[in-house]
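> give me coordinates for this.
(2 chains)
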Amino acid sequence: AQSVTQLDSHVSVSEGTPVLLRCNYSSSYSPSLFWYVQHPNKGLQLLLKYTSAATLVKGINGFEAEFKKSETSFHLTKPSAHMSDAAEYFCVVPTGTASKLTFGTGTRLQVTL
Amino acid sequence: SAVISQKPSRDICQRGTSLTIQCQVDSQVTMMFWYRQQPGQSLTLIATANQGSEATYESGFVIDKFPISRPNLTFSTLTVSNMSPEDSSIYLCSAAGTDYNEQFFGPGTRLTVL
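Model (predicted):
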């Protein structure tokens, strides 16, 4: 079964510095993968998705992620953090045949001045 | 994409009572989903709701506790029955887009059970 592991429960960066949120996946084939963001007291928003068309995926708000099959990873990055990036980030993989999504445990990103 | 609204946005309830959460989508969708997010936790799928059929529940969730209705292609409800403090969570609904692997989420309903 497909699953994802988010390696950090909490990441703190200074504003203007790079962001790296790590996600490893477990699958017997190249899956689709997503990153969602959840701002405090708000719903989930899709940041980006990988569907095997290109290994480097660009998303909204300057985020991007690279699918690396050799490392079974799909890490989320951003060159320069902004205060508004502070949120919870979820790595997500579809599972089964009924469009179910399995969420990682989440990484809370804190951005400091 | 789809825009999803939920009502109520939050509620405080007494144990033993029930609460029905409504989910409205701005377009017709085949598949809708209900998730629970317990405090400080990730999202867990409760059930899949397709119009015209019974909801499909995930392991650990039962229809008597979480009855779901899906009367048409734009609307669904989730009832949390006989509530206890352990049911305090955020409940989110989602709808699958034309790419069935992509889902759009509502803002959630924050439930507190006293």
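
> contacts for the lowest-mean-pLDDT helix or strand in chain A, please.
Comparing helices and strands within chain A by mean pLDDT, DSSP states H and E singles out strand A:100-103 as the least confident, with a mean of 87. Outside of strand A:100-103, the residues within contact range by Cβ atoms under 8 Å, 6 or more residues apart in numbering or on different chains are A:2-4, A:34, A:36, A:90-95, B:33, B:42-45, B:48, B:101, B:103. Quick note: C-beta positions are derived from backbone N, CA and C, even for glycine.

> tell me which element the residue nearest the centre of chain A falls in.
Central residue check for chain A by Cα atoms, centre = their mean: the C-alpha nearest the mean position is that of A:W35, 3.6 Å away. When secondary structure is defined by DSSP states H and E, A:W35 falls within strand A:33-38.

> need the pLDDT of A:K42.
Here the pLDDT value assigned to A:K42 is 79.

> disregarding residues adjacent in the polypeptide, which is nearest to it?
B:P107 (6.3 Å; Cβ to Cβ, 6 or more residues apart in numbering or on different chains).

> test my guess that the one you found contacts B:R10.
No. Using Cβ atoms under 8 Å, B:P107 is not in contact with B:R10; the gap is 10.2 Å.

> and chain A, which residues reach chain B?
Remark: the part of chain A in contact with chain B comprises A:32, A:34, A:36, A:42-46, A:49, A:51, A:90, A:94, A:98-106, using Cβ under 8 Å from any Cβ of the partner chain.

> go with 10 Å
Residues of chain A lying close to chain B (Cβ under 10 Å from any Cβ of the partner chain) are A:6, A:9, A:31-34, A:36, A:38, A:41-46, A:49, A:51, A:88, A:90-106, A:108.

> filter those to the buried ones?
For the residues of chain A next to chain B, burial is judged from neighbour counts taken by 16 or more other Cβ atoms under 10 Å in any protein chain shown, and it is met by A:6, A:31-34, A:36, A:38, A:43-46, A:49, A:51, A:88, A:90-95, A:99-104, A:106, A:108.

> just give me the neighbour total for the residue nearest to A:K42.
Using other Cβ atoms under 10 Å in any protein chain shown, B:P107 is surrounded by 16 other residues.
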